[in-house]
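1. okay, here's the prediction I keep looking at, along with the sequence it came from:
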Amino acid sequence: MRRLVGVVAWFSAILFFAPVAWMVLTSLHSEPDAATNPPSLGAGLTLQGYEEFFGASTGQSPWPPLINSFSASIGSTIIVLLLAIPAAYALSIKKVEKWTDVMFFFLSTKMLPVVAGLLPIYLVAQFTGMLDNISFLVILYTSMNLPIAVWLMRSFLAEVPPEILEAASIDGAGLITTLRRVVAPIAMPGIAATALICFIFSWNELLFARVLTGVVAGTAPVFLTGFVTSQGLFLAKVCAAATVVSLPVLIAGFAAQDKLVQGLSLGAVK
Amino acid sequence: MARGHRLPRGDGRAALAYLTPALLVLGGLMAYPIYQLVLISLFDYGQEQVSGGAPLVFLGLGNYTELLADKQFWTVLWQTVGFAATCVVGTLVVGAALAVLATRVRTWARTLLFLAALGAWATPAVAGSTIWLFLFDANFGLVNEVLGSTGFSWTFDRWTAFGLVAAQVVWCSFPFVMVTLYAGIKAIPQEVVEAAALDGASTVRTARSVLLPLLRPLILVVTIQSVIWDFKVFTQIYVMTSGGGIAGRNLVLNVYAYQQAFAASEYGLGATIGVVMTALLLLITIGYLRALRKSGEEL
């Protein structure tokens, strides 16, 4: 049984890593090398694809959309955590009457198909004059990620041993102190995972960004889609573009991984 | 008042105060679109109505009867259910297996695993789908090259096309399950596991009777979240089967709704499909939660 799990896991790890490896490798090839069949694995490497993506010949810089994506993702992730942690704390540690109903309300807001929500939300943005405004995306991503963040944080906080909270309470710690000094360190892997998840979802969101933004507030996926549409036949360029857009998530992931690993091995309850 | 942390059950006021901001944000941002959606679904709402060229016609449940009488809708519905179920199972199995593996291997191997997962996760859906299409291209794809099946089109046949898209969906959604479960396993105090080992419990036994119950809330979250996502897959189908395959045979509900609403400018009908999807997801989730509670699960 254990061995089977191991084999399946390693097999899928390799299988699932292959497309990424292929993408990065192709992005470093020249266009003629990228287009050969069979793929030329040993061909010389070049940064041409990246230069093209950063506007060597089109003159279109990807920096404004990348910065927009950073603002929207980081902004919404911070707001989500600020709203979700107290809410999850209330739901997991302090028992709320009928909390399942509250949880279900959070969850049900995720069930609206994005496509179906487009038109009403577009109308709201138009009505409030927030079209092509990055703040609107921040608010939107916050509401999109809040339900899952609350659910996740609740499960993570449920793992905090009650004895510690009692001890904190006996020592006279208030809510903010308890959250900051006692709960946060223990739930750190959970907070890191939640933050990572929110960041990735906001970073990769395409449909809303495409409909609600224009020249000013366009995000990286919107730029990338335009790039794929116009340069789709140039494999190396497309792969370079996809690699650049994926890079921030990889970095965020490594930052969070560290926190995930720190974990609870500190041994809070003795 | 907020000093005591083990508040008696009745004293929900403090707890409610922590909940209110989140509830307000969500209620404000989601209630209005849902209200609008239901409203639009009750009208004949097309291009002329949006531009103000024609008066709004109230249909009542007209859009719903039209939809339910449409044979294609039922085909697409069952296709969506089957497709989503496959994706959910695949995602959970791969994600859980890799999460467990990540807790058991050396640091360098774990770093590699995370790199693989994050790479898959980080690739935006549009780029990911495009890359998979390149890899599975009939004549120039690496996969056909390796398998020696050059010329075989993965996207032509209905079922291989669905299979390919499902694999892509699993590929970009298993990292969520993996990261979440990994964090969950890591958050379990080591003492609990050690205590079980001291009591003479085997690894399998520890996993089943100690770890699994502690992880249940998380497994619940990732399952429900996966159901909701995979039921609403859009980008992958749209990109990989060029908008739903030949004659729409690879359509799923979300793409179908998009086609009705935006390609055919039947916003009313598109909204109706949206309402039906939301209702279905609500039913599935309530059913799942009920079943869990019946089996004695403390949620």
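-> Good, I have the coordinates. Everything numeric here is computed off the predicted structure, so don't read it as measured data. Residues are numbered from 1 along each chain as shown, chains lettered A, B, ... in the order given.
2. and the helices in the stretch 51-200 of chain B?
-> B:62-69, B:71-104, B:107-122, B:125-135, B:142-147, B:158-187, B:190-198 (DSSP state H, counting those that start in this stretch).
3. mean pLDDT and distance to residue B:219 for the ones you listed - can I get that in TSV?
-> To be clear about C-beta, it is placed using only N, CA and C from the backbone, and glycine gets the same treatment. Below are the helices of the stretch 51-200 of chain B laid out as TSV (pLDDT from 0 to 100; distance: least, CB to CB, whole Å):
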stretch	mean pLDDT	distance to residue B:219
helix B:62-69	86	35
helix B:71-104	89	8
helix B:107-122	80	18
helix B:125-135	83	25
helix B:142-147	80	32
helix B:158-187	88	7
helix B:190-198	76	17
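4. so for residue A:228, which of those helices sits nearest?
-> Closest to residue A:228 of those is helix B:125-135 (CB to CB; 5.8 Å).
5. okay, the angle between the closest one and helix B:107-122?
-> 100 degrees (axes from the mean of the first three to the mean of the last three CA atoms, to 10 degrees).
6. send the alpha carbons of helix B:125-135 over as CSV?
-> C-alpha atoms of helix B:125-135 as CSV (Å, rounded to 0.1, in the frame of the first residue of the first chain):
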residue,chain,number,x,y,z
ALA,B,125,-4.9,28.6,-17.5
VAL,B,126,-4.7,30.0,-21.0
ALA,B,127,-1.0,29.4,-21.3
GLY,B,128,-1.3,26.0,-19.6
SER,B,129,-4.0,24.9,-22.1
THR,B,130,-2.0,26.2,-25.0
ILE,B,131,1.2,24.4,-23.8
TRP,B,132,-0.8,21.1,-23.4
LEU,B,133,-2.1,21.5,-26.9
PHE,B,134,1.4,21.9,-28.2
LEU,B,135,2.6,18.8,-26.3
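7. tilt between it and helix B:158-187?
-> Using the same axes, to 10 degrees: helix B:125-135 against helix B:158-187 is 130 degrees.
8. identify the residues contacting helix B:125-135?
-> Applying CB atoms under 8 Å, 6 or more residues apart in numbering or on different chains, the external contacts of helix B:125-135 come out as A:19, A:22-23, A:204, A:206, A:221, A:224-225, A:228, A:232, A:235, A:238-239, A:241-242, A:245-246, B:120, B:123, B:140-143, B:155, B:164, B:167-168, B:171-172, B:235-236, B:239-240.
9. at 6 Å what do you get?
-> A:19, A:23, A:225, A:228, A:242, B:141-143, B:168, B:172, B:235-236, B:239-240 (CB atoms under 6 Å, 6 or more residues apart in numbering or on different chains).
10. and of the residues you listed, the nearest to residue B:209?
-> Taking CB to CB as the measure, residue B:209 lies nearest residue B:172 of those, at 33.6 Å.
11. what segments of the stretch 101-250 of chain A are helices?
-> Using DSSP H, counting those that start in this stretch, the helices of the stretch 101-250 of chain A run over A:114-127, A:134-158, A:162-170, A:175-177, A:184-186, A:188-204, A:207-212, A:220-231, A:235-262.
12. other SSEs contacting the last one?
-> This points to helix A:235-262. On a contact count with 3 or more CB pairs under 6 Å, 6 or more residues apart in numbering or on different chains; DSSP states H and E, helix A:235-262 meets helix A:2-27, helix A:31-34, helix A:48-53, helix A:188-204, helix A:220-231, helix B:107-122.
13. go with 7 Å
-> helix A:2-27, helix A:31-34, helix A:48-53, helix A:188-204, helix A:220-231, helix B:107-122, helix B:125-135, helix B:158-187 (3 or more CB pairs under 7 Å, 6 or more residues apart in numbering or on different chains; DSSP states H and E).
14. relative to helix B:107-122, how tilted is the fourth one?
-> The reference is to helix A:188-204. 30 degrees.
15. for helix A:188-204, the distance to its chain's centre please.
-> Taking CA atoms, centre = their mean, to the nearest Å, the mean C-alpha location of helix A:188-204 is offset from the chain mean by 5 Å.
16. neighbouring contacts of that helix?
-> Here helix A:188-204 makes contact (CB atoms under 7 Å, 6 or more residues apart in numbering or on different chains) with A:69, A:72-73, A:76-77, A:80-81, A:141, A:144-145, A:148-149, A:152-153, A:156, A:184, A:221, A:248-249, A:252-253, A:256, A:259-260, A:262-263, B:121-122, B:124-125, B:176, B:179-180, B:183, B:186-187.
17. repeat that for 6 Å
-> A:69, A:72-73, A:76-77, A:80, A:141, A:145, A:149, A:152-153, A:156, A:249, A:252, A:256, A:259-260, A:263, B:121, B:124, B:179-180, B:183, B:186-187.
18. go on, the second one?
-> Under the contact criterion CB under 6 Å, 6+ apart, helix A:31-34 has outside partners A:26, A:40, A:43, A:234, A:235, A:236.
19. okay but the first one is in contact with residue A:240, surely?
-> No. Assessed by CB atoms under 6 Å, residue A:26 is found out of contact with residue A:240, at 8.4 Å.
20. got a list of what residue 213 touches?
-> Picking chain A for this. residue A:132.
21. go on, residue B:248?
-> By CB under 6 Å, 6+ apart, the contact set of residue B:248 is empty.
22. and the pLDDT for it?
-> On pLDDT, residue B:248 comes in at 79.
23. what do you get for residue B:277?
-> Looking at residue B:277, its pLDDT stands at 87.
24. check which residues of the helix or strand where it lies are buried.
-> If you go by DSSP states H and E, residue B:277 is part of helix B:267-294. Residues B:267-278, B:280-281, B:284-285, B:289 are the ones in helix B:267-294 that count as buried (16 or more other CB atoms under 10 Å in any protein chain shown).
25. out of those residues, who's near chain A?
-> B:274, B:277, B:278, B:281 (CB under 6 Å from any CB of the partner chain).
26. of the residues you listed, closest to residue A:119?
-> When these are ranked by distance to residue A:119 (CB to CB), residue B:274 comes first, at 9.1 Å.
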